[in-house]
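all I have is the shape, not the residue letters:
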RNA sequence: GCCUGGGUAGCUCAGUCGGUAGAGCAGCGCAUUCGUAAUGCGCAGGUCAAGGGUUCGAAUCCCUUCCCAGGCUCCA
């Protein structure tokens, strides 16, 4: 028996008894680490704690409170879920069960087409806790493909996965098998073995801080043409405290859900009379929207844009020329037949209209870049299951522009556009961005390979120059060109796709758009599609959630509410409001017909930035009691003019009461 | 479009085994005049999402449709 020595992450070497495992190593380092260890990374590869170490390996112990540790924990919990389901539904088929962000899922097909319902989750969870109490080991075994096929002969999804490996199909997206000819399995009991690449926690007793969250349908292999399995989702953590923190975070996200806020703050609604995905904006939501749009318009004027308008419907020909009918007919509203068979469509995009504006007369190189902007309302027949609040709707308004430029101008135009976008988003209080580059979609693109790679390269260069992180989204581009999208992280760390910038060499060709160059020849312009808010509706949703409804003062529909202490102060309250209106402050008075406490409470719940309370003292001295949003102790005796000055400065700076 | 769950007063929700529909808040009226997150009393408010079926009798059981939520697929 030779000595066994391994290298630790800090570079030191440690000598162990021959045949030692990572678990022995952890124990040798310290009892605390031994207790926290759930797996190991050996020579850059994750492995089970109980796997024997070989001499000269570099080993780091993976603990539960690390990203990799939690992933293993979640994956192991998914196995426990599968075992619980097979115990409760003998003959159930289990498909795949990976760890995901914050948790895990497992897909099943129950015998006789049975379905899970919500009550089943409770039973399954109880069974899982029993399995965890049994402290079953996770025992790894390796087999040939043939052996694997016979082991899982009664599990058709496992067979398909193994066969996929055997035929060389990609298994990259599956955690079940390594992409070589070895089939590894993990066995918990003689009755339950799962196909899996591993690693796993040493035994089920290491698990337990989990909860099952929901049941959902999911297509096998994500293919809607294949059967739909029953998916159970859960969340799992390394400790009760971490689980609790996560559930709290989920509740927080729910509290700032824009649909809830939209209702509570009386901003918008989705009358069922209109149909799914069609919103109406109430006066306060309409005000917020107007402020957003006005600000955007002002920025576009400064950015050198020309303002255009186009109708909501058009003859089919326009979208035949653009290619939308060929590629996206199923997500367009069906046509209206008029005038002896003439088909009219609601517009799903603004770009073809802007091309027609471009083509309305001959263009010179001197006019480029020509930037056409419109708040264009578009209608898309989204599938019934996908509409979601203001973020996925069937009718929306894009802050849409199309820039026509020469190929020489393209890179510079894209670079300045990116600056323009980021500046605008920052003006709304979004500060944390990264970029995503979406490349040519497989089998669903027009144009030559050369055009696509040139466009992708240009976008990539511009993104790199911007100095932001760039993530590749392979195959995510539109059919006519690649795109960069700006992703923003909100106040609670979620990311939202905001602006998109798309390059398009195809549409100008399809419409035969040209300009006359300096050399008196006809040339083809390049088109850049871009929407900065994405849609006004969606942008409003993101801002509402980012601010949890506490909008900065400049975006608040009602900025100030004046409350009189007694009705003899009502006149002064009205005068204060008038003074603020002189400065275009949005202000209302709530007179003294109800107790002051009730009026304060109502204004607080409406998240109004400033509540001004005025009583006899204020009438006598020309002062106010200022109760700012987010504060619990109001400030008395503030001079009216002092308040006006501070408020106007805050509005101009896009600030909020919470900033002080 | 598919899977699971849901729809009762303006809102949030209760409604047992199938036996004539309930609360709080909001609204309206009256009283209350108050210094920083709910004043009191009273009144009104319902085709129980819509339609069909079973039943002596349906909010409740069954079917269809519409709408909502969470997923899957999709997202120019």
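Cool, got the structure. Bear in mind that the values here come from a model prediction, so they are computed numbers and not experimental data. Numbering: from 1, shown residues only, chains lettered A, B, ... in the order given.

not counting its own residues, what contacts stretch A:607-616?
A:265, A:549-551, A:553, A:556, A:558-566, A:568-569, A:572-573, A:576, A:596, A:600, A:603-604, A:624-629, A:634, A:643, A:647, A:656-657 (C-beta atoms under 8 Å, 6 or more residues apart in numbering). Where C-beta positions appear, they are placed from N, C-alpha and C, glycine not excepted.

any bit of that stretch sitting next to RNA strand B?
Yes: counting by C-beta under 7 Å from any atom of the strand, RNA strand B is contacted by stretch A:607-616 at A:611, A:613-616.

sorry, back to before: and the contacts of stretch A:607-616 near RNA strand B, which?
Filtering those for proximity to RNA strand B (criterion: C-beta under 7 Å from any atom of the strand) leaves A:565-566, A:568, A:596, A:600, A:604, A:624-627, A:634.

CSV for the residues you listed, including neighbour count?
Listed next are those as CSV, based on neighbours: other C-beta atoms under 10 Å:
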residue, neighbour count
A:565, 19
A:566, 13
A:568, 12
A:596, 15
A:600, 17
A:604, 15
A:624, 28
A:625, 18
A:626, 21
A:627, 22
A:634, 15
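
now for those, which pair is the farthest apart?
Using C-beta to C-beta, the pair of these lying farthest apart is A:568 and A:604, separated by 24.6 Å.

can I get the buried part of the residues of stretch A:607-616 next to RNA strand B as one PyMOL selection?
The following PyMOL selection, which keeps only the buried ones among these, applies the criterion 16 or more other C-beta atoms under 10 Å:
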select buried, chain A and resi 611+613+614+615
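
from the residues of stretch A:607-616 next to RNA strand B, which land in strands?
Counting by DSSP state E, the members of the residues of stretch A:607-616 next to RNA strand B that fall within strands are A:611, A:613-614.

any chance of the residues you listed in a markdown table, plus pLDDT?
Supplementary listing: these in a markdown table, determined by pLDDT from 0 to 100:
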| residue | pLDDT |
| --- | --- |
| A:611 | 97 |
| A:613 | 97 |
| A:614 | 97 |
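
just curious, which of these is nearest to residue A:43?
Proximity of these to residue A:43 (C-beta to C-beta) peaks at residue A:611, which lies at 63.6 Å.

who does the closest one bridge with?
residue A:561, residue A:627 (DSSP bridges).

ok, back up a step: narrow the contacts of stretch A:607-616 to those in helices?
Secondary structure from DSSP state H places A:572-573, A:576, A:596, A:600, A:603-604, A:643, A:647 of the contacts of stretch A:607-616 in helices.

now render those residues as TSV, adding pLDDT.
As requested, the ones in helices among the contacts of stretch A:607-616 are exported to TSV (pLDDT from 0 to 100):
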residue	pLDDT
A:572	96
A:573	96
A:576	97
A:596	95
A:600	95
A:603	95
A:604	95
A:643	98
A:647	98
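
between the ones next to RNA strand B among the contacts of stretch A:607-616, which is closest to residue A:257?
Distance to residue A:257, by C-beta to C-beta, is smallest for residue A:604 among those, at 19.8 Å.

what residues does stretch A:628-637 touch?
Where contact means C-beta under 8 Å, 6+ apart, the residues beyond stretch A:628-637 that reach it are A:550, A:604, A:607-611, A:613, A:617-618, A:621, A:623, A:625-627, A:656-658, A:660.

my bad, should have said stretch A:577-585
A:559-560, A:562, A:587-589, A:640, A:644, A:647-648, A:651.

ditto for stretch A:35-50
Outside stretch A:35-50, the residues within contact range by C-beta under 8 Å, 6+ apart are A:21-23, A:25-26, A:51, A:53, A:57-65, A:68-69, A:72-73, A:138, A:140, A:198-202, A:206.

from the chain's centroid, how far away is it?
Put simply, stretch A:35-50 sits 32 Å off its chain's centre (C-alpha atoms, centre = their mean, to the nearest Å).

repeat that for stretch A:557-570.
In this view, stretch A:557-570 has its centroid 40 Å away from the chain centroid, taken as C-alpha atoms, centre = their mean.

ok, stretch A:227-247 next?
19 Å.

now it: average pLDDT?
Stretch A:227-247 carries an average pLDDT of 94.

quick check: end-to-end length of it?
The first and last residues of stretch A:227-247 sit 32 Å apart, counting by C-alpha to C-alpha, to the nearest Å.

which parts of that stretch are buried?
Judged by neighbour count using 16+ other C-beta under 10 Å, the buried positions of stretch A:227-247 are A:229-238, A:242-243, A:246.

mind putting the residues of stretch A:607-616 next to RNA strand B into CSV with distance to residue A:332?
As requested, the residues of stretch A:607-616 next to RNA strand B are exported to CSV (distance: C-beta to C-beta, whole Å):
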residue, distance to residue A:332
A:611, 48
A:613, 54
A:614, 56
A:615, 60
A:616, 64
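
and the furthest pair within the residues of stretch A:607-616 next to RNA strand B?
With distances taken as C-beta to C-beta, the most widely separated pair in these is A:611 and A:616, at 18.0 Å.

got the buried residues for the strand or helix carrying residue A:157?
Here residue A:157, judged by DSSP states H and E, is contained in helix A:156-166. For helix A:156-166, the neighbour count (16+ other C-beta under 10 Å) marks A:157-159, A:161-162, A:164-165 as buried.

could I get the buried residue list for the helix or strand just after it?
Under the assignment DSSP H and E, the closest C-terminal helix or strand after helix A:156-166 is strand A:182-189. Along strand A:182-189, the positions that meet the burial threshold by neighbour count (16+ other C-beta under 10 Å) are A:183-188.
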